[in-house]
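For reference, the sequence and a predicted model appear below.
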Amino acid sequence: MPGPQKAREDRSSEERRALDDLFSLIYEELRRIASYARRSDANATINSTALVHEAWLKLKDSPGLAANSASHFKSIAAKAMRQVLVDEARRRNAHKRGGDGVAKRVTLTDTPEQVLSCDEELLALDESLAELAELNERQAQVVESRFFGGLSVAETADLLGVSESAVERDWRAAKAWLASRVRPASQ
């Protein structure tokens, strides 16, 4: 009769295999999300594959994640990729300090071509998104899912368990709030 330690090890091993299987199953989808997320940082030096792998390194020791739906796992992976991009931007920003002094605009749109263009903007968005999460967690989740995760309105609604119209309202409100925080009032 196996002891409690052996049972925990077996359960942990099974959970890890389940997480590995889930990761393998949605790997290409994660690469698509990584490609979308990378567009939010025009200065990113990390490619989509490396971004997925860096996010995996953050997630691999959390076997309980495999019990979640694929959509929920993609959302968590998008958050991990956002953290990797923000950490990379902080490192680059720490090295250059200064810049040209010209304020740049952040555009939160549905099209990935019109996104952040510099480290400072990505860091400002990350900070503002953290503030928004304190005020309205669901709006922050909508932004993270749509902007960093590349999820559609329908996928975001399914993930959050709300209607598509609720996601659209949250998306509009969050974009307006974030734009007022990230963009100086003089612009």
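Here it is on my side, so go on.

And the helix ranked longest in the chain, what does it pack against?
Longest helix in the chain, counting residues (DSSP state H): helix 70-96. Packing partners of helix 70-96 (3 or more C-beta pairs under 8 Å, 6 or more residues apart in numbering; DSSP states H and E): helix 4-25, helix 27-38, helix 48-59, helix 119-135, helix 153-160. (Glycine included, C-beta is placed from N, CA and C.)

Who are the packing partners of the fourth one?
I take that to be helix 119-135. Applying 3+ C-beta pairs under 8 Å, 6+ apart, one finds that helix 119-135 makes contact with helix 70-96, helix 137-143, helix 164-182.

okay, the angle between the last one and helix 119-135?
Think helix 164-182. Helix 164-182 runs at 130 degrees relative to helix 119-135, counting by axes from the mean of the first three to the mean of the last three C-alpha atoms, to 10 degrees.

Could you check the angle helix 164-182 makes with helix 153-160?
90 degrees.

other SSEs contacting helix 164-182?
helix 119-135, helix 137-143, helix 153-160.

Listing request: residues of the chain with sub-threshold pLDDT.
1-3, 7-8, 37-44, 63, 94-118, 183-187 (pLDDT under 70).

One more pass at 50, please.
In the predicted model, the chain carries pLDDT under 50 at residues 99-107, 111-117, 185-187.

Would you check how far apart residue 56 and residue 28 are?
Distance, residue 56 to residue 28, by C-beta to C-beta, to the nearest Å: 14 Å.
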